[in-house]
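quick one: sequence and predicted model below, then my questions.
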Amino acid sequence: MVDAGFAEIMRIDRADAESLLNGYACASVADALGLQAVQLQSFIATGSATVALAERLGMQVQAAEDFGIRLGKKGRIGLIVGMLLAG
């Protein structure tokens, strides 16, 4: 279970934080990052990146996809959590 304070720092509610940790990127997660939920969900599931996501990560699309693949699914979720925590 996600701590309420942890979810608050990420600017999402507890249920959405739980969903993210289970591999589902809901609209509030995407909104907090200025991205579309479908972009994040695709990245979590397969490591595929869009231009917008790659720009958010500060890299080219191919580099973001290579990085995402190397991270694996749990790593991609952790990266998104880190992005939320960083604001």
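Perfect, thanks for sending it.

the longest helix in the chain is where?
helix 61-86 (DSSP state H).

hmm, who's touching the helix or strand bottoming out on mean pLDDT in the chain?
Least confident helix or strand of the chain, by mean pLDDT, DSSP states H and E, is helix 4-9 with a mean of 82. Applying Cβ atoms under 8 Å, 6 or more residues apart in numbering, the contact partners of helix 4-9 are 13-14, 16-17, 84-85. Every residue, glycine included, has its C-beta placed from N, CA and C.

from those residues, keep the buried residues only.
14, 16-17, 84 (16 or more other Cβ atoms under 10 Å).

pipe those residues into CSV and attach pLDDT, secondary structure and distance to residue 5 per row.
Output for these, formatted as CSV (pLDDT from 0 to 100; DSSP: H, G, I helix; E, B strand; the rest coil; distance: Cβ to Cβ, whole Å):
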residue, pLDDT, secondary structure, distance to residue 5
14, 92, helix, 10
16, 93, helix, 15
17, 92, helix, 11
84, 93, helix, 13
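
from the residues you listed, pick the one nearest residue 35.
Checking those against residue 35 by Cβ to Cβ gives residue 84 as the nearest, at 11.3 Å.

isn't the closest one up against residue 33?
Yes: judged on Cβ atoms under 8 Å, residue 84 makes contact with residue 33 at a distance of 6.9 Å.

need the overlap of contacts for these two.
Counting by Cβ under 8 Å, 6+ apart, nothing touches both residue 84 and residue 33.

what's near enough to touch residue 77?
Going by Cβ under 8 Å, 6+ apart, residue 77 touches 20-21, 23, 44.

tell me which two of those residues sit farthest apart.
Maximum distance among those (Cβ to Cβ): 10.7 Å, for 21 and 44.

of those two, who's got more company?
The neighbour count for residue 21 versus residue 44, taken as other Cβ atoms under 10 Å, is higher for residue 44 (21 against 15).

hmm, back to that, any chance of the contacts of residue 77 in TSV, plus pLDDT?
Output for those, formatted as TSV (pLDDT from 0 to 100):
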residue	pLDDT
20	95
21	94
23	95
44	97
